[in-house]
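> the amino acid sequence is not available; the structure is as follows:
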Ligand SMILES: [Zn+2]
């Protein structure tokens, strides 16, 4: 049974890749080789995600099939952020994923929230994890380069404040966070930070509505369970 499920998944991935490569040539301006690498990376991680939890299985299967529907420029990046968010839940962290994309559109970092695993860390939000890796890669900021950070959730005040002081020019988020998101409250930043924010392009992604809704659903799987730990 396990074998047949894995075989089915593998066949699906191969079919999906083939179908996607052909169709995307017609409806996307994005570099096809970059898209293939995003797809291969995400599908590989989804395929290795074996879990008894039906909710995680549901969203894993949703993400496995989703590339067939990609049509917007942010779909591949939004999808990979959601893949990372699901991996976070699998590790019992909050379901938020984040990726960093270089000026050519290549994904150079992908990771996720690490608030509980490997150890309890209040600062290890997905964006902070990615920024830590990014800043450890160099000793000076990059100049005049169009790097883009994608997060599956609207950044909180802590993350947004760090992002607008960083050298990452573009900030894109998938799911809005009405209760804790800072992007929709930029006017409440201190004056110097409002000025910093104006040097960045901050916006919600342009992506499939089903994929954007998935980011919210994936987040709530973990919120409900993890918040109970502190009650
Ligand atoms: Zn945050």
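Everything's here; your move. This one's a predicted model, so the numbers in the text were calculated from it and none came from an experiment.
> residues in the protein within reach of the ion, list them.
Proximity of the chain to the ion, by CB under 5 Å from the ion, involves residues 125, 156, 158-159. From N, CA and C alone the C-beta is placed, and that goes for glycine too.
> now, which of those lie within helices?
Among the residues of the chain next to the ion, the ones falling in helices (DSSP state H) are 158-159.
> okay, now the unreliable bits of this structure?
By pLDDT under 70, the low-scoring segments of the chain are 1-29, 223-231.
> make it 80
Scanning the chain for pLDDT under 80 picks out the ranges 1-30, 143-144, 222-231.
> for it, which segments count as strands?
97-101, 107-112, 148-153, 170-175, 201-204 (DSSP state E).
> which of those is buried the deepest?
Ranked by mean neighbour count, the strands of the chain are led by strand 148-153 with a mean of 28 (mean count of other CB atoms under 10 Å).
> and the angle for that strand with strand 170-175?
Put simply, strand 148-153 runs at 20 degrees to strand 170-175, going by axes from the mean of the first three to the mean of the last three CA atoms, to 10 degrees.
> sheet partners, orientation included, of strand 148-153?
strand 97-101 (antiparallel), strand 170-175 (parallel) (DSSP bridges).
> and residue 119, how far from residue 93?
Distance of residue 119 to residue 93, given as CB to CB, to the nearest Å: 11 Å.
> check contacts around residue 82.
Applying CB atoms under 8 Å, 6 or more residues apart in numbering to residue 82 gives the contacts 59, 63, 97, 152, 174, 211, 214-215, 218.
> nothing else from me, thank you.
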